[in-house]
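S.K.: mind folding the following:
(2 chains)
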Amino acid sequence: MDTHDWLLFLHVLAAFALVGAEVMFTFLIFWLWRTDVPADIARVSGLSRIGSVLLGIGAMGTLIFGIILAFEADRYAIWDVWIIAALVLWALTLEVGRRAGAAYDAAGAEARRLVGEGRTEPSPELGAMFRSSNARTLHFTSVGLIAVLLLDMIFKPWA
Amino acid sequence: MTVLAATRPTDWDFPLFLHVLGAAILVGGLLTAVGMQVLAWNRREPGDLVAYSRGGFWALLTVALPGWVLMRFAAEWIRSKEGWNGDNDPSWLGVGYLVADVGFIVLLLTILLAGFGVRRVRRPGATANTLGRIATPLATILLIGYLVAVWAMTAKPD
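M.R.: Next up, the predicted model:
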């Protein structure tokens, strides 16, 4: 195995962390879809923090190893259209994901506050926060952008 | 090998996309399940124990299992396009097959253990999910195995 092989492995490993985190968040959104109970939403805070760490590692890893790969491999150049498209998609995914995360974090913080106050009864307002169409749209937009990013990496248009 | 991968015919791209997508969904489902099961491990409060145990089971059943099916189906599709017949398979492909197919049996066993574990913790007075605790290291081993497969698929060692 040479340097290129290791860089490619680390790049793909980071991509798996990134997609794995998105899969985790998507599962949690569906998992909690029908609940208004503060304890149910507060309970997954620990797992969503793990997801956020994975997302950060995956995002930075794909970028760093991807850029090194672009310079290391003779066949690719950083100004190739598919690489520039990937960089743009990466930045868009992160920004949309950050906004989605902020919306869900606000619902999580509200759930923890209610639990801290000893309020265990269902809270329709909390449910509405968690199921807000804004948060949902942002999350699924980031999932769609990651799918397009993956397509770009594999099809390498105009390479 | 990497050069071969980079210059593959474009009609392999779509099955490769499905293969990678399935593998990523599989890994995501396993990560979620392991996270849920680890959280369930030391819980004594029935609400937490049932919720985390159920979450781990459903993550395996509805995310990891479909991810495995998509990954494996697409892998076979790519193999048929490459013309490998078992006699001339490269070693990295053997690693992939071994991990995927042995992993499938372990995955099914893990789902069964997690499912029966959920049934048990829903009984009144349950304070621990023993079957879920057995499923946790199995799911962790699966996760490590599939990461080894990712290494074999990308680095393609001879």
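
S.K.: pick out the residue of chain B closest to chain A.
M.R.: Across chain B, no residue is closer to chain A than B:G28, which sits at 2.5 Å (CB to the nearest CB). To be clear about C-beta, it is placed using only N, CA and C from the backbone, and glycine gets the same treatment.

S.K.: name the helix or strand for that residue, please.
M.R.: helix B:13-41 (DSSP states H and E).

S.K.: just the buried positions in that helix, please.
M.R.: B:15-40 (16 or more other CB atoms under 10 Å in any protein chain shown).

S.K.: same thing with stretch A:151-159?
M.R.: In stretch A:151-159, counting by 16+ other CB under 10 Å, buried: A:L151, A:D152, A:M153, A:I154, A:K156.

S.K.: need the residues of chain B near chain A, please.
M.R.: Neighbours of chain A within chain B, by CB under 8 Å from any CB of the partner chain: B:2, B:6, B:10, B:13, B:16-17, B:20-21, B:23-25, B:27-29, B:31-32, B:35-36, B:39, B:47-48, B:51-52, B:55, B:58-59, B:62-63, B:147, B:150-151, B:153-157.

S.K.: ok, now which ones touch the residue of chain B closest to chain A?
M.R.: Counting by CB atoms under 8 Å, 6 or more residues apart in numbering or on different chains, B:G28 touches A:V19, A:G20, A:A21, A:E22, A:V23, A:M24, A:F27, B:V63, B:G67.

S.K.: rerun at 7 Å
M.R.: Residues in contact with B:G28 (CB atoms under 7 Å, 6 or more residues apart in numbering or on different chains) are A:V19, A:G20, A:V23, A:M24, B:V63.

S.K.: which residues touch the most centrally placed residue in chain B?
M.R.: Centroid-nearest residue in chain B: B:L26, 4.5 Å away (criterion: CA atoms, centre = their mean). Residues in contact with B:L26, defined by CB under 7 Å, 6+ apart, are B:A64, B:G67, B:W68, B:M71, B:Y146.

S.K.: check what pLDDT it gets.
M.R.: The model reports B:L26 with a pLDDT of 96.

S.K.: over to the one 4 residues further on?
M.R.: The predicted local confidence for B:L30 comes out at a pLDDT of 96.

S.K.: what's the distance between the residue in chain A that chain B sits nearest to and A:F140?
M.R.: Per CB to the nearest CB, A:V23 is where chain A lies closest to chain B, at 2.5 Å. Distance, A:V23 to A:F140, by CB to CB, to the nearest Å: 13 Å.

S.K.: go on, A:V115?
M.R.: 28 Å.

S.K.: these two - which one has more neighbours?
M.R.: When A:V115 and A:F140 are compared for neighbours, A:V115 comes out ahead with 18 against 14, by other CB atoms under 10 Å in any protein chain shown.

S.K.: for the more buried one, helix, strand, or coil?
M.R.: helix (DSSP: H, G, I helix; E, B strand; the rest coil).

S.K.: A:A39 is in contact with that one, correct?
M.R.: Yes: the pair A:V115 / A:A39 is scored as a contact, 5.5 Å apart, by CB atoms under 7 Å.

S.K.: Three-state assignment for the spatially most distant residue from the centre of chain A, please.
M.R.: Ranked by distance from the centre of chain A (CA atoms, centre = their mean), the top residue is A:G118, with 31.7 Å. Here A:G118 takes the coil state, with states given by three-state DSSP.

S.K.: backbone dihedrals for it, please?
M.R.: Torsion angles at A:G118 (phi, psi; degrees, to the nearest 10) stand at phi 80, psi 10.

S.K.: so for it, what's the pLDDT?
M.R.: Reading off the model, A:G118 has pLDDT 90.

S.K.: try the one 4 residues further on
M.R.: Note on A:P122: pLDDT of 91.
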